[in-house]
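[1] Test case, fold it:
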Amino acid sequence: MEVLIIKTGATGDVVRTTPLLRRIDGRVTWLTEAKNAVLLQGLGSFRRCLSWEERHLSRDASYDLVINLEDSLEVGLYLNTLEFKQLFGAYVGSGSKLRYTEDSRRWFDLSLISSYGKEQADKLKFQNRHTYQELIFDGLGFGFSGETYLLPEPIETGLSGDVAIAQSGQ
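    Numbering: from 1, shown residues only. Next up, the predicted model:
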């Protein structure tokens, strides 16, 4: 199975998406921002990790599943250049408006592209008691079972000692 994950955004969001790699059977291509690629190199069953700037390289495959967790028009338009069988997440619909698949509704109903509008999305977000992983895993039909993050092995830096945080003077 060929899978494409698109999660470019904030580094923390990329890290909290890594538990998916524990549940996906198949070869994974991940598109992310260049600054996040170092976190993903060598994790899971990667076919490859590509920076957003290298996205054109992902066009060489036909994907069984694309998981798009970004809600940007640029990413939505990029999806139109790919071959895939199934999509989970945001895409560009008629009138160049961002929409999302029914199975990703629990996550995107809380976002800026919510079909309910921002005000209702904010209310839903406030009422939500599920984790990011629960919403995504359930939408994909996996069910979240506490899968942990995947992180690269730490590198030896030669640094030692304690870390201190001090309030800056005013």
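
[2] which ones are touching Thr131?
    Phe144 (CB atoms under 8 Å, 6 or more residues apart in numbering). For glycine as for every other residue, the C-beta is placed from the backbone atoms N, C-alpha and C.

[3] Just give me the longest strand of this structure.
    Across the chain, the longest stretch assigned as strand under DSSP state E is strand 83-92.

[4] who touches stretch 88-98?
    In contact with stretch 88-98 (CB under 8 Å, 6+ apart) are residues 6, 65-73, 75-77, 79-80, 99-101, 103-104, 108, 113, 139-140.

[5] average model confidence for it?
    When pLDDT is averaged over stretch 88-98, the result is 94.

[6] where along the chain do the strands fall?
    Going by DSSP E, the chain shows strands at 2-6, 27-32, 46-51, 62-68, 83-92, 98-100.

[7] where does this protein have low pLDDT?
    Scanning the chain with the threshold set as pLDDT under 70 gives 44-45, 163-170.

[8] so where do the helices sit in it?
    Under the criterion DSSP state H, the chain contains helices at 11-17, 34-40, 73-79, 105-108, 118-127, 132-139.

[9] Put together TSV for the ones you listed, with distance to Arg23 on each row.
    Putting these into TSV (distance: least, CB to CB, whole Å) gives the following:
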stretch	distance to Arg23
helix 11-17	12
helix 34-40	16
helix 73-79	22
helix 105-108	16
helix 118-127	25
helix 132-139	7
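
[10] Count the residues that sit near the residue nearest to Lys85 when sequence neighbours are not counted.
    Among residues not flanking Lys85 along the chain, Asp64 sits closest, at 5.3 Å (CB to CB, 6 or more residues apart in numbering). Asp64 has 14 neighbouring residues, counting by other CB atoms under 10 Å.
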